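Undergrad: Build the 3D model from these lines:
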Amino acid sequence: EVQLVESGGGLVQAGGSLRLSCAASGFTFDGYAIGWFRQAPGKEREGISCISSSDGSTYTADSVKGRFTTIIDNDKNTVYLQMNSLKPEDTAVYYCAADPGTWCPLGYLEVWGQGTLVTVSS
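TA: Below you'll find the predicted structure:
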């Protein structure tokens, strides 16, 4: 079965850090671009980053630039979202998704993960 599994969410105080993982199962990231999204309660889903499996090039949204970093480990078939200097407004369910188009920006999102909740307390 082709799927993405996110992990690493939880409760953290403002100013803290978390690292989310997005692991592929049933396929490899080779040739894919992988994106991170988030959706806060009552808000629309927001795309926050993208990384190409081909060369590791990334795109990061202005809302998290300088605080969030996206990294790919092709050997482990896993993409990480390192989140530093977290703010209460970062509270959301975080999702990863895979696009077979290789390069950012993302296009057709073929596979989605189930999401992991990040809660940042003030």
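
Undergrad: tell me, what residue is most central in this protein?
TA: Closest to where the C-alpha atoms of the chain average out (C-alpha atoms, centre = their mean) is Trp36, at 2.8 Å.

Undergrad: Could you look up the SS state of that one?
TA: The three-state label given to Trp36 by DSSP: H, G, I helix; E, B strand; the rest coil is strand.

Undergrad: Please read off the pLDDT at it from the model.
TA: pLDDT for Trp36: 98.

Undergrad: In this structure it contacts Gly9, no?
TA: No: assessed by C-beta atoms under 8 Å, Trp36 is found out of contact with Gly9, at 12.0 Å. C-betas here are computed from N, CA, C, even on glycine.

Undergrad: Quick check: neighbours shared by these two?
TA: Taking C-beta atoms under 8 Å, 6 or more residues apart in numbering as the contact criterion, the common neighbours of Trp36 and Gly9 are Leu20, Tyr94.

Undergrad: so how far is Asp90 from the nearest residue to Ser121 once chain neighbours are set aside?
TA: Spatial nearest neighbour of Ser121, excluding adjacent residues (C-beta to C-beta, 6 or more residues apart in numbering): Gln13 at 5.4 Å. Distance of Gln13 to Asp90, given as C-beta to C-beta, to the nearest Å: 12 Å.

Undergrad: next one: Thr28
TA: In terms of C-beta to C-beta, Thr28 sits 30 Å off from Asp90.

Undergrad: When those two are compared, which one has more neighbours?
TA: Taking other C-beta atoms under 10 Å, Thr28 and Asp90 do not tie; Asp90 has more neighbours (22 against 10).

Undergrad: Could you pull up the contacting residues of the more buried one?
TA: Arg38, Val64, Met83, Val118, Val120 are the contacts of Asp90 under C-beta under 8 Å, 6+ apart.
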